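Undergrad: Fold the following.
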Amino acid sequence: MSRLGNLGARLYRGEVGYDFVGKRKIWYAISILITITAIAGLAVRGLNMGIEFSGGAVFNTPSSKVSVSQAQEVAEKASGGHTAVVQELGRGGLRIQISELGTKEAVPVQENLAKELGVKTDKIDTQLVGPSWGEEIAGKAWQGLAIFMVLVVIYLAIAFEWRMALAALIALVHDLTITVGVYALVGFEVTPGTVIGLLTILGYSLYDTVVVFDGLKEGSKDITKQTRFTYAEVANRSLNSTLVRSINTTVVALLPVGAMLFIGGGLLGAGMLNDISLALFVGLAAGAYSSIFIATPLVSDFKNRDPQMKALAKRVRAKRAAAAKAEAEREPKDEDHSGADGDDADLEDAAAAGVVGQRRQPASRNRGRGRPSGKRR
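TA: Below you'll find the model as predicted:
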């Protein structure tokens, strides 16, 4: 068995573990810091909305010798100052996106681009998106996200309890905020592919959280009938038992997404892959983090406010205090007993060593010594 497999088995049996729940304040602080950074990036830089949401035109050009920076300068000049986003396609072609460009403006821009880039006009593929259609797409995206959240809360409240549903909802919002904040900081374009990626990572994060919650539900069954563990300790044991599984699932999921993001979008120049791959990569990592460091500790915090869990924790502490007191009372007796044994051992060693030339007398011959001497009859 491999070391990781052996570690996973020991974690599952509870032989080893890390106190995730006990150190939850550290994880909360890290999450708050990351969330504040994401919100600040979103407020300062904002999202780079694609034409699917803002409206505009997309021009796909054939292969040419013009660089991306030159094409961007030409596109902005041809469109009369509109901001242009240029991406290099796999075969040397260019994808030029100009937001807020109407139908009447698109034709002369296409002609100017063909002239400046040195290609025929009919070789440039033009796609127009109206602003009303973009607003409709954005509205449906928010609507789908809201419906997803509501269904998640209802399912978790029925399958588990409302505390777990609330913790899972907070973890999902945490993942969404971080992913959207990274998009704002990096400046990647937000497209329908981004929305699909967000919904995908929410489903993944929810799956990982439900796996931990299922183990917690099983481990905390009839928890008030025992006095060995508190609810926080049971939650931590459940989390450790699924830790290796969560890590393996996350790594296996991140490998192809990372290849799509860094190799496909970075090295091969498939810029359209960045729309969905960045959301998946950041969301998968944030989802794994939140299911381990946020969701379960939050459930523990919520449950610890329950009167029954408070009473259980009090009984557990009282039992452990009594056991520690009994152990402390036994230690002095053991020390005294060990000291007597040590003295006897020293005496035996000394007697065994003796003085050279002397012989030890049997105990039977020593009996009677000290009695008054008298005549033998």
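
Undergrad: Report pLDDT for I201.
TA: Looking at I201, its pLDDT is 80.

Undergrad: T126 versus that one, what's the distance?
TA: 33 Å (Cβ to Cβ, to the nearest Å). Backbone N, C-alpha and C define where each C-beta goes, glycine included.

Undergrad: In terms of neighbours, single out the busier of these two.
TA: I201 (25 against 16; other Cβ atoms under 10 Å).

Undergrad: helix or strand for that one, which one?
TA: The secondary structure element spanning I201 is helix 192-219 (assigned by DSSP states H and E).

Undergrad: Return the distance of the helix or strand following that helix from the chain's centre.
TA: Going down the chain from helix 192-219, the next helix or strand is helix 231-241, by DSSP H and E. Helix 231-241 sits 16 Å away from the centroid of its parent chain (Cα atoms, centre = their mean, to the nearest Å).

Undergrad: Quick check: buried residues in the helix or strand following helix 231-241?
TA: Note on helix 231-241: by DSSP H and E, the next helix or strand toward the C-terminus is helix 243-258. Under the neighbour-count criterion of 16 or more other Cβ atoms under 10 Å, helix 243-258 has 243-246, 249-250, 253-254, 257-258 buried.

Undergrad: Stretch 184-198 too?
TA: For stretch 184-198, a neighbour-count test (16+ other Cβ under 10 Å) marks 184, 188-195, 197-198 as buried.

Undergrad: cool, and stretch 24-41?
TA: Neighbour-count burial for stretch 24-41 flags 24, 27, 31, 34, 38, 41 (criterion: 16+ other Cβ under 10 Å).

Undergrad: Distance to E136, secondary structure and pLDDT added to the residues you listed, as JSON lines?
TA: Below are these laid out as JSON lines (distance: Cβ to Cβ, whole Å; DSSP: H, G, I helix; E, B strand; the rest coil; pLDDT from 0 to 100):
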{"residue": "R24", "distance to E136": "42", "secondary structure": "helix", "pLDDT": "91"}
{"residue": "W27", "distance to E136": "40", "secondary structure": "helix", "pLDDT": "92"}
{"residue": "S31", "distance to E136": "34", "secondary structure": "helix", "pLDDT": "92"}
{"residue": "I34", "distance to E136": "33", "secondary structure": "helix", "pLDDT": "92"}
{"residue": "A38", "distance to E136": "27", "secondary structure": "helix", "pLDDT": "90"}
{"residue": "G41", "distance to E136": "27", "secondary structure": "helix", "pLDDT": "87"}
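
Undergrad: what's the burial count for the nearest residue to A253 once chain neighbours are set aside?
TA: Among residues not flanking A253 along the chain, L284 sits closest, at 5.3 Å (Cβ to Cβ, 6 or more residues apart in numbering). By other Cβ under 10 Å, 25 other residues sit near L284.

Undergrad: Show me what the helix holding I201 is packed against.
TA: Secondary-structure packing of helix 192-219 (3 or more Cβ pairs under 8 Å, 6 or more residues apart in numbering; DSSP states H and E): helix 131-159, helix 162-186, helix 231-241, helix 243-258, helix 274-290, helix 296-304.

Undergrad: if we go to 10 Å?
TA: helix 51-54, helix 131-159, helix 162-186, helix 231-241, helix 243-258, helix 274-290, helix 296-304 (3 or more Cβ pairs under 10 Å, 6 or more residues apart in numbering; DSSP states H and E).

Undergrad: Among those helices, which comes closest to V316?
TA: helix 231-241 (8.3 Å; Cβ to Cβ).

Undergrad: relative to helix 192-219, how tilted is the closest one?
TA: Compare the direction of helix 231-241 with that of helix 192-219 by axes from the mean of the first three to the mean of the last three Cα atoms, to 10 degrees and you get 120 degrees.

Undergrad: Just the CA coordinates for helix 231-241, please, in PDB.
TA: These are the backbone C-alpha positions of helix 231-241, laid out as PDB (Å, rounded to 0.1, in the frame of the first residue of the first chain):
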ATOM      1  CA  TYR A 231     -19.600  17.500  18.500                       C
ATOM      2  CA  ALA A 232     -16.600  19.500  17.300                       C
ATOM      3  CA  GLU A 233     -14.400  16.500  17.800                       C
ATOM      4  CA  VAL A 234     -16.800  14.200  15.900                       C
ATOM      5  CA  ALA A 235     -16.900  16.800  13.100                       C
ATOM      6  CA  ASN A 236     -13.100  16.900  12.900                       C
ATOM      7  CA  ARG A 237     -12.900  13.100  12.800                       C
ATOM      8  CA  SER A 238     -15.500  13.000  10.000                       C
ATOM      9  CA  LEU A 239     -13.500  15.700   8.100                       C
ATOM     10  CA  ASN A 240     -10.200  13.800   8.500                       C
ATOM     11  CA  SER A 241     -11.800  10.500   7.300                       C
END
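
Undergrad: Show me what it is packed up against.
TA: helix 3-13, helix 192-219, helix 296-304, helix 307-353.

Undergrad: my read: L145 touches G203, true?
TA: No - assessed by Cβ atoms under 10 Å, L145 is found out of contact with G203, at 11.9 Å.

Undergrad: List the residues that are in contact with both of those two.
TA: Common neighbours of L145 and G203, counting by Cβ atoms under 10 Å, 6 or more residues apart in numbering, are L172.

Undergrad: can you count the residues close to the residue nearest to I154 when sequence neighbours are not counted?
TA: Computed as Cβ to Cβ, 6+ apart, the closest residue to I154 that is not its neighbour in sequence is A165, at 7.9 Å. Neighbour count of A165, defined by other Cβ under 10 Å: 20.

Undergrad: Tell me which residues touch A165, please.
TA: For A165, the contact set (Cβ under 10 Å, 6+ apart) comprises 152-159, 213, 299.

Undergrad: quick one: it from A295, how far?
TA: For A165, the distance to A295 - Cβ to Cβ - is 11 Å.

Undergrad: Spit out the residues that contact those two alike.
TA: In contact with both A165 and A295: F213, using Cβ under 10 Å, 6+ apart.
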